[in-house]
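Asks: pasting the sequence and the predicted coordinates here, then a few questions.
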Amino acid sequence: MITLKRITFLRVVLGREVERKFCALMASTMVNGGHSVEEEEKKNVTVGGGVEDLYGEDSATEDQLITPWTVSVASGYTLLRDPHHNKGLAFTEKEKDAHYLRGLLPPAIFTQELQEKKLMNILRQYKVPLQRYMAMMDLQERNEKLFYKLLIENVEELLPVVYTPTVGEACQKYGSIFRRPQGLYISLKEKGKILEVLKNWPERNIQVIVVTDGERILGLGDLGCQGMGIPVGKLSLYTALGGLRPSACLPVTIDVGTNNEQLLNDEFYIGLKQKRATGKEYAELLDEFMTAVKQNYGEKVLVQFEDFANHNAFELLTKYSPTHLVFNDDIQGTASVVLAGLLAALNLVGGTLADHKFLFLGAGEAGTGIAELIALEISKQIKGPIEETRKKIWLVDSKGLIVSSRKESLQHFKKPWAHEHEPVKGLLDAVKAIKPTVLIGSSGVGKTFTKEVVEAMASFNEKPLILALSNPTSQSECTAEEAYTWSKGRAIFASGSPFDPVEYNGKVFVPGQANNAYIFPGFGLGLIMSGAIRVHDDLLLAASEALAAQVKQENFDKGLIYPPFSNIRKISAYIAAKVAAKAYELGLSSRLPRPKDLVQHAESCMYSPVYRCYR
Ligand SMILES: NC(=O)C1=CN([C@@H]2O[C@H](COP(=O)(O)OP(=O)(O)OC[C@H]3O[C@@H](n4cnc5c(N)ncnc54)[C@H](OP(=O)(O)O)[C@@H]3O)[C@@H](O)[C@H]2O)C=CC1
Ligand SMILES: CC(=O)C(=O)O
Ligand SMILES: [Mg+2]
């Protein structure tokens, strides 16, 4: 067995040539069915213009088995190809000598700051967002630290590139832009072998998994296996925004087929070409996955469900919450970020949460998840039963206002919202009938907050609070410009995907981004650093309150109900500390003793993308 220690010994004691020969011979014993070293050495033939075929790969015929041999000591060419350790032109002269890099790089040496400047210049030249996305993915595969340095230090500029809206387009075109796998693909073909598949992933100490089955990718619907862009994007935010180590993050796509005909007919589709498995077949695959995850990574690995369709999402969350550390970002993360925005908005609109009336367009994961957390917060504030506080909240789905006469036919997650009211068909009529102070879009359907809807909101609210949560930008219920113009500059507006500032009547309005990206990185860090074993609603409330507390007067002055993303690492540390504190208080934490200063502890846990010096 060849070991890293032996290779290092050979290199240090006997020199590089001996090491090369040794590796080659070890490799050749694994070629052609394992013949003796001598035999294989004799057979080392020359092919391709006199280049030695050390590993026997070129000379092997098609039916001969060869070993995909690699020596995993990161030095020389291998070091430059290793995204975790590559520093590009930033290797020092000393490092070039010590790590066999001389001649493999041009003479100039760039600092990481200069590399960052150069790459930002290049990125800014791309006019097409998808080109920027691909350039960032290339960078992530080439030089991980530089990727994160760029993302952390230019977060407001690059978030729309690696995340919504561009990640949506990337998923739609994932088959064409796919280069190298960035996460684990677990399909029906892997049934019975999922534990082995997890072991194929090169990293062992996984702390957070983001998993999708691709059925509800943003507001773009079923993108099957191409949904992989979402776990990859979310996890890059876990690192950039929440400070989790990249090596501790595992993106997973469960492929049970797709019902998207366009993909099924696409010759370049990268997933299983079959209709989605459902029922027992689906449940068994998911169960095998969840069991394998716990077996391989232990009790404290966080599994974040992302962009599952609601007919699976609620069930999975209910099923695995008692046994695993699971979190559904679309249901719970979105709820927490919206509640934070509402708590902050009270500074602008006045009153308490209980004084407001809420109307949702969209009664799925996001809509009912947010509604439930608002109702919970109000019931805690007024110390009243949640059945009563739910009555302040109304939801509209594709069939109209959810009312008691529809109760029998409603999905279980809509039933608590079926209040007494006569049937109402469309949103405009619902707005006029309910007269909400807060209108929240979570339908996944763009352009549904029409001029009439916004004008109606502005007719009975001095400052209508309008949140257009649906992603990507194409699915936003209205644009920032529409919200400000149609409300004559009175709306307080935030959206799931970012919009540029808008000038209306000589005043500049800055729309905020109501996106769960404010919550999940800090929330996850809080769970992990405290060794939490279960998620509890009170942790979500703690995260909301922490985020709301981070909105400063200067933000309110611009009409913002969220703090800017530029400060997100500090915000995430604060959220993490509050979540961890609550987890300790509830006895859900296993990492003892509890650190005294949790904010400082959170900051000290965070991954830094600064280059390290190699000995
Ligand atoms: N900003 C953020 O952080 C987040 C944003 N989102 C966005 O929210 C959107 C919805 O996500 P999610 O809740 O998970 O999706 P779901 O599929 O679970 O829910 C969608 C809801 O919208 C309703 N709906 C669909 N079309 C219409 C219509 N024309 N009129 C009225 N209602 C309609 C559906 O009605 P029915 O039940 O009758 O089919 C359903 O209740 C997506 O675009 C997603 O990107 C999601 C999570 C976080
Ligand atoms: C933001 C997000 O999680 C979504 O749109 O699904
Ligand atoms: Mg999502």
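Replies: Here it is on my side, so go on. Ligands and ions are numbered 1, 2, ... in the order given.

Asks: hey, where'd the helices end up in the stretch 101-250 of the chain?
Replies: Listed in chain order, the helices of the stretch 101-250 of the chain (DSSP state H, counting those that start in this stretch) span 112-125, 129-142, 144-153, 155-162, 166-172, 174-177, 194-200, 229-242.

Asks: residues of the third one that come out buried?
Replies: Residues 144-152 are the ones in helix 144-153 that count as buried (16 or more other CB atoms under 10 Å). C-beta: built from backbone N, CA, C; applies to glycine.

Asks: switch these over to a markdown table; also include pLDDT.
Replies: Putting the buried residues of helix 144-153 into a markdown table (pLDDT from 0 to 100) gives the following:
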| residue | pLDDT |
| --- | --- |
| 144 | 97 |
| 145 | 97 |
| 146 | 98 |
| 147 | 98 |
| 148 | 98 |
| 149 | 98 |
| 150 | 98 |
| 151 | 98 |
| 152 | 98 |
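
Asks: how about CSV for those, with distance to residue 320 added?
Replies: Converted to CSV, these look like this (distance: CB to CB, whole Å):
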residue, distance to residue 320
144, 30
145, 34
146, 36
147, 32
148, 30
149, 35
150, 35
151, 30
152, 32
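
Asks: which of the residues you listed lies closest to ligand 1?
Replies: Ligand 1 has its nearest neighbour among these in residue 151, at 18.6 Å by CB to the nearest ligand atom.

Asks: which strands border the biggest strand by length in the chain, and is each parallel or antiparallel?
Replies: Using DSSP state E, we find that the single longest strand of the chain is strand 249-255. In the sheet, strand 249-255 lines up against strand 184-187 (parallel), strand 208-212 (parallel) (DSSP bridges).

Asks: which ones are touching the residue nearest to the spatial centre of the chain?
Replies: Residue closest to the average C-alpha location in the chain (CA atoms, centre = their mean): residue 234, at 1.1 Å. Neighbouring residues of residue 234 by CB atoms under 8 Å, 6 or more residues apart in numbering: 163, 210, 251, 304, 306, 329, 520.

Asks: check the residue in the stretch 201-350 of the chain that ligand 1 sits nearest to and give its pLDDT.
Replies: Using CB to the nearest ligand atom, residue 219 is the residue of the stretch 201-350 of the chain that sits closest to ligand 1, at 2.7 Å. Per-residue confidence at residue 219 stands at 97 (pLDDT).

Asks: how many residues are close by it?
Replies: Using other CB atoms under 10 Å, the number of residues around residue 219 comes to 25.

Asks: dump the residue contacts of it.
Replies: For residue 219, the contacting residues are 443-446, 470-472, 474-475, by CB under 8 Å, 6+ apart.

Asks: rerun at 7 Å
Replies: Residue 219 is in contact with 444, 470-471, 475, counting by CB atoms under 7 Å, 6 or more residues apart in numbering.

Asks: any chance of TSV for the strands paired with strand 249-255, columns mean neighbour count?
Replies: Output for the strands paired with strand 249-255, formatted as TSV (neighbours: other CB atoms under 10 Å):
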stretch	mean neighbour count
strand 184-187	20
strand 208-212	27
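
Asks: could you dump these into TSV and include distance to residue 136 and mean pLDDT?
Replies: Below are those laid out as TSV (distance: least, CB to CB, whole Å; pLDDT from 0 to 100):
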stretch	distance to residue 136	mean pLDDT
strand 184-187	21	98
strand 208-212	18	98
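
Asks: right, so of those, which gets closest to ligand 2?
Replies: That would be, of the strands paired with strand 249-255 and by CB to the nearest ligand atom, strand 208-212, which comes in at 9.5 Å.

Asks: pretty sure residue 235 contacts residue 210?
Replies: Yes: between residue 235 and residue 210 a contact is recorded at 5.3 Å, counting by CB atoms under 7 Å.

Asks: report the set of residues contacting both of those two.
Replies: Both residue 235 and residue 210 are in contact with residue 251, where contact means CB under 7 Å, 6+ apart.

Asks: could I get the strands paired with strand 249-255 as JSON lines with distance to residue 495?
Replies: Formatted as JSON lines, the strands paired with strand 249-255 follow (distance: least, CB to CB, whole Å):
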{"stretch": "strand 184-187", "distance to residue 495": "32"}
{"stretch": "strand 208-212", "distance to residue 495": "22"}
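
Asks: now those strands as a markdown table including distance to ligand 2?
Replies: Formatted as a markdown table, the strands paired with strand 249-255 follow (distance: least, CB to the nearest ligand atom, whole Å):
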| stretch | distance to ligand 2 |
| --- | --- |
| strand 184-187 | 20 |
| strand 208-212 | 9 |
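
Asks: what about the closest residue to residue 398 other than its chain neighbours, how many residues nearby?
Replies: Using CB to CB, 6 or more residues apart in numbering and skipping the chain neighbours, the partner closest in space to residue 398 is residue 443 (7.9 Å). Residue 443: 25 surrounding residues under other CB under 10 Å.
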